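Novice: I would like to see how this sequence folds:
(chains A, B, C and D)
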4 protein chains.
Amino acid sequence: MVKVGIIGATGYVGAELVRLLYRRKDIRLSTVVSNSFSGQPFSDIYPAFRGVFDQVCDELDIDAVCEKADFFITALPHGVSTDITRKLIENGKRVIDHSADFRFRDREVYEKTYKLTHGAPELLENAVYGLPELYRDKIRDASLIGDPGCYPTCSILAIAPALKNGLVSTDSIIINAASGVSGAGRRSELPYSYCESDENFKAYGVINHRHRPEIEQELSLLAGKKVEVSFTPHLAPMKRGMLATICMNLAGPVPYDHILEAYREFYKGEPFVRILPPGVLPETRFVAGSNRIDISINLDERLNRLTVLSALDNMGKGSAGQAVQALNIMAGFDETEGLSAVGFYL
Amino acid sequence: MVKVGIIGATGYVGAELVRLLYRRKDIRLSTVVSNSFSGQPFSDIYPAFRGVFDQVCDELDIDAVCEKADFFITALPHGVSTDITRKLIENGKRVIDHSADFRFRDREVYEKTYKLTHGAPELLENAVYGLPELYRDKIRDASLIGDPGCYPTCSILAIAPALKNGLVSTDSIIINAASGVSGAGRRSELPYSYCESDENFKAYGVINHRHRPEIEQELSLLAGKKVEVSFTPHLAPMKRGMLATICMNLAGPVPYDHILEAYREFYKGEPFVRILPPGVLPETRFVAGSNRIDISINLDERLNRLTVLSALDNMGKGSAGQAVQALNIMAGFDETEGLSAVGFYL
Amino acid sequence: MVKVGIIGATGYVGAELVRLLYRRKDIRLSTVVSNSFSGQPFSDIYPAFRGVFDQVCDELDIDAVCEKADFFITALPHGVSTDITRKLIENGKRVIDHSADFRFRDREVYEKTYKLTHGAPELLENAVYGLPELYRDKIRDASLIGDPGCYPTCSILAIAPALKNGLVSTDSIIINAASGVSGAGRRSELPYSYCESDENFKAYGVINHRHRPEIEQELSLLAGKKVEVSFTPHLAPMKRGMLATICMNLAGPVPYDHILEAYREFYKGEPFVRILPPGVLPETRFVAGSNRIDISINLDERLNRLTVLSALDNMGKGSAGQAVQALNIMAGFDETEGLSAVGFYL
Amino acid sequence: MVKVGIIGATGYVGAELVRLLYRRKDIRLSTVVSNSFSGQPFSDIYPAFRGVFDQVCDELDIDAVCEKADFFITALPHGVSTDITRKLIENGKRVIDHSADFRFRDREVYEKTYKLTHGAPELLENAVYGLPELYRDKIRDASLIGDPGCYPTCSILAIAPALKNGLVSTDSIIINAASGVSGAGRRSELPYSYCESDENFKAYGVINHRHRPEIEQELSLLAGKKVEVSFTPHLAPMKRGMLATICMNLAGPVPYDHILEAYREFYKGEPFVRILPPGVLPETRFVAGSNRIDISINLDERLNRLTVLSALDNMGKGSAGQAVQALNIMAGFDETEGLSAVGFYL
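Specialist: Numbering: from 1, shown residues only, chains lettered A, B, ... in the order given. Just a heads-up that it's a prediction; the model follows:
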């Protein structure tokens, strides 16, 4: 029985973590921390859990909290995490941090991107980017995981096999992606109100969205050279789900089957990556509520250009699900434990 | 050319008023007042109007504003309106007030319902309830109109002919109604956020919603005796639209045709009330974007009980449209001027 | 290991049954039958299941199918079920039928309501209405279950304690309910198309919806006398979820606490019924994806009238979930097996 | 008074044409033709129009229809239009055809794209592509207009100034676009049902969507050389609206202001094109219900790559609105007549 604490348990990512963990036999959710709602049952904030998970939210007293668990998943705003994480690490805890604070190898990129001074730069060196498909071995023994962003997960996994195999030219990568509104978190701001979001589609963060440097970091490592991309995120009127549409010029002529095979080989044995058959396209509803990512390879032979489509749930493989996947690896559980369920389908 | 000012022009009701009035040839929108956005073009807040209606929002300086127009429509929160309205009236302006402040004949009912001390009780006596189908003649010469609430409009118009003709027993009226989210106004509060409202249906304000006493006031006047009702409002995951489902026991056996005829007679010549043919049911999308109300009469002969259904747009006949209808009457325009357009259909 | 077959596995109720059963350790989904898609993997029709449940759909050859399982859940259109059910029963199978064919004790009511001649009237006598909260003991040994309709489940459970305890007058029951669009099934008909359903709210089946006689049957049995109700169903623009708003006149003055206690007592120990604390209201999103029903009791002391609100998932407690609950009882499993998960919350 | 007939009046484009034309003082909608609903009032199919436009639908008897109007707008499926159009033209009528049949200059491209033999190839030579911003003068005197597709309008107008001015390299154009569901028409097919479309985002027609050759035709004409593009359309869960996100490599270094100025100059005086200020992004809700297109220019100086965003209403500037704009030009009306209204904003 592993004791796990969630810090920031009443945001959407926190609540999804609770949903994924509260029924585990091998895990005890020993503390759910929420400064906004400390002293209140979790089920008061999320009434779906009434009578099911009524645990009272703890306040963020780091010493008290440290007593309660061995693993922590933090789902806090960027910049807020660092102090807490440092203390957890100092107390020998293992931490999966869902903010951007520990995703970057280069402190300067983080600071420029998030317009913050990093609060615990000494931890960056040993922090592991929590994408199991790329870093499974490092995750296993890590003390500190930077849980990847939703757009980066959706983009990197869709591009990695092509880039790693040198199939595409590195200066031609153009990523368009659309996210459900839950990606913005549990926020009472006008642009995310029902009347301003419903029946609307828009781009945002054009040219300089904060997930672009995170994507570029990992793509550059895969390519072994600096990769710069165009990235345009969009907001779609739905709660969950993300779809990325990625265009890349082939580095040279390669037959479709060869490319498909490269993708299949790259993800061989991966429990959550589904390479779709030729001509089959992903839809967000097929992965919503699950930890899966669906990837479809399409080749425009006329232009020697690939269009790769990938879909995941921004609350699943794009955040909470992926954190649980990392937790499973770190704690020595079967990697799919608690994550094998199919999504909502309807 | 009549000069009209809108006070509170950047809320949803205010914006709908602008949409209904900015193109009128017989009206000049001489001032759009918004304390939150004074000095900014209206089209910055509602970019649909960019290049179309870029008028700059005025601040709420009552003396300055009084210079600018003869008619004012105020769309301010309850309790905030009274002082402003008094000053407008003192300056000889004619006012259509969309708050609840001037809807009640009995100050105590207002104060109990809204938990406020009325700020201008001396104005109540001459204020007219702005429902043209019931008070057209009084509206014509009124200085001060209390623009009816959305639920009251939808309910009262659906019940009035039955009650006025003594067809139903007055203690059996049960109103269920559902509204789109815009009824809550332009608000950045969590319960109205996309993720908390989408794919959800709920009741709220059960037993004691603030629109119940307003409904009861008008039904009592129609019946010539005290009428008390059950009223349960609901929130539906859509932007605009309202449907009321009203059950009433027949006072005695009456054939369906007689009842239908009573409704048709009651609304004879009314430009915005459509009594639907037998068996035809209203849907909110058929009135959304318009100033119409659709009413369907259904009789359960087994139980001698009527089910009357009525649909309107809470932003149209339920608020801004009705205010413009009253304005047309007050200013001597054709009552349908600027309101005849069909809604969105799609 | 119990072998279970689903007949009509590719409709929405069928698919939800698959979702609820495919991971059970104590159950083997030994055949999923679909005439429309026989020979195709289930996951071709519901791609969320790709790589997870790829079982091939069987055609409806009753003899072949009988070989494969001991329990069958049929999710077929009304009238189609009877022949198949008879043959299954003749072969000693135990059947949970989700059509209306075996919900009625009185064949004539069924035939009049569904405008069909009953195809297997001899089975009616031993068929059990599959509402565990009322008929748990009979379900345990039954060969044939008529799985209740969604509106009846939502209504009956909300009314039963009041009626059974004589708290309300039996001729005053007025039920308004709203359902998500999935209640209409997996249908390619225009009224259920996105553009005709989205941003719309409407009533349908006013006065004479087919679920009214089913509700009246059970309420009459509870009251020990004939009960007739007004029932108005509505369609809300969402996929899943149902809310019923029920008004009933108190038979005599009773304090609120007494009524609340009667409800709590009636459902004591029930795993899926949550009686909400005073003042707390249900929302469909709190039960969506689960087998739970939330019930809220509200008293208008002024009018001596109850407003009871109940919410469930029409795909869960309103159909597939309830069928699995009955299956658990019949097969001797823990009643909550596979049904304890909280819903989607987001 | 110009007499106009709509052929195919009960599809979504047909209905939007009715909405845009029925109130015109300078136009008489002298016949609305619908084979599916001939003999029925238009308002039976679109009840929003009840009491407002109850004209009875005519059947498609070409001789009878020719008697009734001078201008025709046909909104029929591809391939069905040609015979009818030929007869209309032979009878001296002027026709705006909304199918793809008369959009292509090269019959072979049409036949290959739509997998049809063209039924009236002799009409192609004089047919004019109905995009007023590019072909206003030709439209004025044309007998036959091919009303552009929604994706082509949204894409071409966003690219034209860059291409015409040689600012971008012609082999680098990548178009991603998302459409509301109404783009699929009034169809009762499962993929467009509420439960299959709601809360979902997907791409479709990847690599080879039928609008790609139409886009390429016009871009090639603008560039004076063959232009080939990547085009990926998506379906968003909303009724109306379209957003295109277009990436293009600059042909050489150009400052942002120069590009912006090129766009402003290109569309100088255009009544329906709004070039947004730097940093302002379009959203579909700002153009929904209108005939406007909003265009935003964004430059990634790092990569020398433009991201141009454009938004329109697929039912407005993307189909029916644009057809009315062409009609206004052909008939000598003010080009904005009946089209100046702002959209829905909410």
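Novice: How about the contacts made by residue A:325?
Specialist: Going by CB atoms under 8 Å, 6 or more residues apart in numbering or on different chains, residue A:325 touches A:132, A:272, A:291, A:317, A:335, A:339. Backbone N, C-alpha and C define where each C-beta goes, glycine included.
Novice: Out of those residues, which two are the most distant from each other?
Specialist: A:317 and A:335 (12.8 Å; CB to CB).
Novice: Write out the residues of the stretch 151-300 of chain A neighbouring chain D.
Specialist: A:171, A:174, A:176, A:178, A:180, A:195-196, A:198-204, A:206-207, A:228, A:230, A:232, A:234, A:236-241, A:243, A:245, A:247, A:281-285, A:288, A:296, A:298-300 (CB under 8 Å from any CB of the partner chain).
Novice: Please narrow those residues to those residing in strands.
Specialist: Here DSSP state E is the test, and these give A:174, A:176, A:178, A:202-203, A:230, A:232, A:234, A:243, A:245, A:247, A:296, A:298-300 as lying in strands.
Novice: Out of those, give me the one that has the most neighbours.
Specialist: residue A:178 (30 neighbours; other CB atoms under 10 Å in any protein chain shown).
Novice: Would you point out which residue of the stretch 1-150 of chain A is nearest chain D?
Specialist: In the stretch 1-150 of chain A, no residue comes nearer to chain D than residue A:112, which is 13.0 Å away by CB to the nearest CB.
Novice: Tell me the first helix or strand C-terminal of the strand or helix carrying that residue.
Specialist: Residue A:112 is part of helix A:107-114 when elements are defined by DSSP states H and E. Later in the chain than helix A:107-114, the nearest helix or strand by DSSP H and E is strand A:128-129.
Novice: Which strands border that following strand, and is each parallel or antiparallel?
Specialist: Paired strands of strand A:128-129, with direction, are strand A:144-146 (parallel) (DSSP bridges).
Novice: contact partners of the partner strand?
Specialist: A:85, A:89, A:94-97, A:100-104, A:123, A:126-130, A:139, A:323, A:326, A:330.
Novice: returning to what we had before: residue A:317 and residue A:335: who's more crowded?
Specialist: Between residue A:317 and residue A:335, counted using other CB under 10 Å, residue A:317 has the larger neighbour count: 29 against 20.
Novice: Wait, that one touches residue A:153, no?
Specialist: Yes - under the criterion of CB atoms under 8 Å, residue A:317 makes contact with residue A:153 at 6.0 Å.
Novice: if we can go back for a sec, spatially nearest residue to the residue of the stretch 1-150 of chain A closest to chain D (excluding sequence neighbours)?
Specialist: residue A:213 (7.9 Å; CB to CB, 6 or more residues apart in numbering or on different chains).
Novice: TSV for the contacts of residue A:325, including distance to chain B, secondary structure and pLDDT?
Specialist: What follows is those, written out as TSV (distance: CB to the nearest CB, whole Å; DSSP: H, G, I helix; E, B strand; the rest coil; pLDDT from 0 to 100):
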residue	distance to chain B	secondary structure	pLDDT
A:132	27	helix	98
A:272	24	coil	98
A:291	20	coil	98
A:317	19	helix	98
A:335	29	coil	98
A:339	22	coil	97
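Novice: overlap in contacts of residue A:317 and residue A:153?
Specialist: Going by CB under 8 Å, 6+ apart, residues that sit against residue A:317 and also against residue A:153 are residue A:293.
Novice: residues in contact with residue A:267?
Specialist: Counting by CB under 8 Å, 6+ apart, residue A:267 touches A:133, A:161, A:273, A:275, A:295.
Novice: What parts of chain A come near chain B?
Specialist: So far as CB under 8 Å from any CB goes, chain A lies against chain B at A:12, A:181-182, A:186-190, A:192-195, A:197-199, A:237-239.
Novice: how close does the residue lying closest to residue A:249 once chain neighbours are set aside get to residue A:46?
Specialist: Spatial nearest neighbour of residue A:249, excluding adjacent residues (CB to CB, 6+ apart): residue A:172 at 3.8 Å. Distance, residue A:172 to residue A:46, using CB to CB, to the nearest Å: 44 Å.
Novice: In terms of neighbours, single out the busier of the two.
Specialist: Using other CB under 10 Å as the criterion, residue A:172 and residue A:46 rank with residue A:46 on top: 24 against 18.
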